[in-house]
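Undergrad: What follows is a predicted structure for the sequence shown.
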Amino acid sequence: MSRVLACFALAVLSPYIAQADAKAQSLQDALAHAYQSNPALLGEQANQRAVTENSVQARSGWRPTVSVNMDANYQQGPYTNAFALGSYTSNYAEGYVAAKQTLYSFGHTANQVKAADARSHAARHALRLTEAQVFTNVITAYMNVLRDRSIKDIRQADLSMLQRQVQLTTSRYNLGGAPPSR
């Protein structure tokens with residue numbers, strides 16, 4: 001009887017015994033750890049930064065652009081003309097600077113900025129939804145662990161009570177009491 005009871009207790013409590021070695025942490029610690037290391041949340045944060053950068057790039061359509069081009073050349077060699085003797089040297093350098101400013105784009109730049117801002121706003125809401133989902137999952141898992149620990153404590157108390165009853169019944173039987181009916 002006691003072997004059957006011990007096997008039953010081992011089968012029921014073995015998943016909980018493995019969890020006893022897990023690191024205990026508060027709910028705030030679990031939420032902070034999830035916020036710092038959850039891959040879905042980190043990916044959504046990176047997406048938010050990329051979309052926000054698109055908004056900045058769209059605003060660059062209102063700014064002037066400047067381009068610089070430089071060219072330099074040096075040559076030295078003999079004259080190829082039959083009447084001239086000696087050699088020649090040629091040096092030159094040139095540079096160009098161009099500045100361009102859009103005066104009117106028929107609303108193209110303004111519409112690009114509005115669209116980029118709308119995408120940034122939508123990505124911000126997607127980030128908030130992902131955060132809410134991750135935090136909900138963390139809280140659910142945390143509360144499940146607390147519930148399972150309570151269940152484990154109750155089952156351990158039941159097991160100790162049953163073991164005590166087995167001891168009492170075995171002692172009564174060994175002292176000459178009537179055998180239990182089957």
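TA: Cool, the structure landed. Numbering: from 1, shown residues only.

Undergrad: can you give me the strands in the protein?
TA: Using DSSP state E, the strands of the chain run over 65-78, 87-100.

Undergrad: For residue 130, the count of nearby residues, please.
TA: Residue 130 has 19 neighbours, counted by other CB atoms under 10 Å. C-beta: built from backbone N, CA, C; applies to glycine.

Undergrad: for the residue nearest to it when sequence neighbours are not counted, what are its contacts?
TA: Leaving aside its chain neighbours, residue 130 sits nearest to residue 44 (4.3 Å; criterion: CB to CB, 6 or more residues apart in numbering). Counting by CB atoms under 8 Å, 6 or more residues apart in numbering, residue 44 makes contact with 126, 127, 130, 131.

Undergrad: could I get stretch 164-173 in CSV with only the CA atoms?
TA: Extracted as CSV, the C-alpha positions of stretch 164-173 are listed here (Å, rounded to 0.1, in the frame of the first residue of the first chain):
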residue,chain,number,x,y,z
ARG,A,164,0.5,9.6,8.4
GLN,A,165,-2.7,7.6,7.9
VAL,A,166,-0.7,4.7,6.3
GLN,A,167,1.6,4.7,9.3
LEU,A,168,-1.3,4.7,11.8
THR,A,169,-3.1,1.9,9.9
THR,A,170,0.1,-0.1,9.7
SER,A,171,0.8,0.3,13.4
ARG,A,172,-2.8,-0.7,14.3
TYR,A,173,-2.6,-3.7,12.1
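
Undergrad: from memory residue 134 sits against residue 34, does it?
TA: Yes: between residue 134 and residue 34 there is a contact under CB atoms under 8 Å: 5.6 Å.

Undergrad: Give me the common contacts of those two.
TA: What both residue 134 and residue 34 touch, as defined by CB under 8 Å, 6+ apart, is the set residue 41.

Undergrad: So for residue 144, which of the strands of the chain sits nearest?
TA: strand 65-78 (57.6 Å; CB to CB).

Undergrad: So which bits of that closest one are buried?
TA: Residues of strand 65-78 include none that count as buried (16 or more other CB atoms under 10 Å).

Undergrad: Run the chain-centre distance for it.
TA: Computed by CA atoms, centre = their mean, to the nearest Å, the chain-centroid distance of strand 65-78 equals 50 Å.

Undergrad: Can you check the pLDDT for the residue lying closest to residue 76 once chain neighbours are set aside?
TA: The shortest distance from residue 76 to any residue other than its chain neighbours is 4.8 Å, reached at residue 89 (CB to CB, 6+ apart). In this prediction, residue 89 carries a pLDDT score of 73.
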